[in-house]
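**Student:** Pasting a predicted model and its sequence here:
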Amino acid sequence: MASSLRGIFVPIPTFFKENEDLDLDSLDLHVQYLSKSGVAGIVVLGSMGEAVSLLDEERDQVIKQVVTSVKKYNPSLIIIAGTSSQSARNVISYTRQAAAAGAQYCLILPPSFYRGSITDDALVAFYTAVADQSPLPIIIYNYPGVCQGIDVSTKVLVQLSKHKNIVGLKGTDANVGKMADLVQKTDPKEFALLAGSVDFFLPELLIGAVGLIPGAGNVFPALCAEIQRLYDNKQYDEAARLQRQLVEADDALCRWHGVPGAKSYIFRKFGYGQGICRNPLQRVTEDQAVKIEQAVDPVVSLEENLKSNWTNK
């Protein structure tokens, strides 16, 4: 199963109307935008998808809409569902829900609310219990920034990689050295190593990662895929040049103002989604939106040129 986790998997936003109800029409439009961009799949209900702000029945609606849209626009896309929660029992329930809705993999953060009790042994017990009962193969999501600093250790990841139902890692810890160590200590046929951000994608490809789950891929997915294509073709100078061009735009979309920044750009430039997040996340200001656009627009021009070249070939 790990062999299919190669390429770009875009973690999409969950779109809302002005009153914060689900906006499934915008979700459909966004899947359409991504469907012919060279990506391998879509991640729904991740941190970009504001999963922690959704009701259980809304989670089901969102996954089902993505499944419907993927079938309509590009059935080859793989669907990964975020099923994170604070107990193994809740995660198992969410994972069963995601499987019934049509997801093919699940992406799971470590629990972190009871931070002082989350030892290595607790993490092994948590992921093992979930994997033993999950109907979907599991990708571990290591993101210390949203887990009170919990950084799943190499030792734990190597141990968990041996479970037949744990098939990959999204590493959003920006630790290229750790990823290199994992390449040495895990079986690439059984455990896929995925970079967690555009800004360190090429360095992690060079040491053995096989794909990427990029928030900025919502805006320039084809360029993310192009880095991997250039790498695969041993066009390293071109890949490095493109990697450098994407860093500031990635920061602008994903780090300057978080999810509201990415949603603002999508609404103002693509015309759907309203730029709305659920309270307490607030819209970016006009000044912030303009600065994001100044950083991202040149990269979107590159994206459009690349897709135009595909059409003309």
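**Tutor:** Cool, the structure landed.
**Student:** Just confirm Lys189 is within a helix.
**Tutor:** No: the assignment for Lys189 (DSSP: H, G, I helix; E, B strand; the rest coil) gives coil, which keeps it out of a helix.
**Student:** Surely it touches Leu5?
**Tutor:** No: Lys189 sits out of contact with Leu5 when judged by CB atoms under 8 Å, with a separation of 11.4 Å. Placement of C-beta: from N, CA and C, glycine included.
**Student:** The two: which is more packed in?
**Tutor:** With neighbours defined as other CB atoms under 10 Å, Lys189 and Leu5 compare such that Leu5 has more, 25 against 9.
**Student:** Look up how far Asn19 lies from the more buried one.
**Tutor:** Counting by CB to CB, to the nearest Å, the gap between Leu5 and Asn19 amounts to 37 Å.
**Student:** next one: phi and psi at the nearest residue to Leu136 once chain neighbours are set aside?
**Tutor:** When the adjacent residues along the chain are set aside, Leu136 lies closest to Cys106, with 4.5 Å between them (CB to CB, 6 or more residues apart in numbering). Note on Cys106: its backbone torsions stand at phi -130, psi 150 [degrees, to the nearest 10].
**Student:** measure Cys106 to Thr95 for me?
**Tutor:** Separation of Cys106 from Thr95 (CB to CB) stands at 5 Å.
**Student:** Any chance you could list residues touching both of those two?
**Tutor:** 81, 83, 134, 136, 138 (CB atoms under 8 Å, 6 or more residues apart in numbering).
**Student:** I'd like the residues you listed as TSV, with distance to Val183 and pLDDT appended.
**Tutor:** As requested, the shared contacts of Cys106 and Thr95 are arranged in TSV below (distance: CB to CB, whole Å; pLDDT from 0 to 100):
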residue	distance to Val183	pLDDT
Ala81	26	98
Thr83	26	98
Ser134	25	98
Leu136	24	98
Ile138	19	98
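**Student:** Return the set of residues that bridge with Gly7.
**Tutor:** Beta-bridge pairing of Gly7, defined through DSSP bridges, involves Gly211.
**Student:** Please apply the same query to Ala195.
**Tutor:** Beta bridges link Ala195 to Gly171, Leu212 when assigned by DSSP bridges.
**Student:** Pretty sure it sits against Gly208.
**Tutor:** No: under the contact definition of CB under 8 Å, Ala195 does not touch Gly208, with a separation of 10.6 Å.
**Student:** Same drill for the two, tell me which one is more crowded.
**Tutor:** When Ala195 and Gly208 are compared on other CB under 10 Å, the one with more neighbours turns out to be Ala195, at 28 against 14.
**Student:** What distance do you get for the more buried one to Lys291?
**Tutor:** Applying CB to CB, one obtains 26 Å for the distance of Ala195 from Lys291.
**Student:** Spit out the contact partners of the nearest residue to Ile8 once chain neighbours are set aside.
**Tutor:** On the basis of CB to CB, 6+ apart, the spatially nearest residue to Ile8 that is not a chain neighbour turns out to be Val39, at 4.3 Å. Contacts for Val39 (CB under 8 Å, 6+ apart) come out as 7-10, 77, 217, 221, 224-225.
**Student:** Check for me that Val39 belongs to a strand.
**Tutor:** No: if the criterion is three-state DSSP, then Val39 is coil and not within a strand.
**Student:** since we're on Asp21, how many residues are nearby?
**Tutor:** Burial measure for Asp21: 10 neighbouring residues, criterion other CB under 10 Å.
**Student:** Contacts only, for it.
**Tutor:** Under the criterion of CB under 8 Å, 6+ apart, Asp21 has no neighbours.
**Student:** Read off the pLDDT value for it.
**Tutor:** Reading off the confidence values, Asp21 has pLDDT 98.
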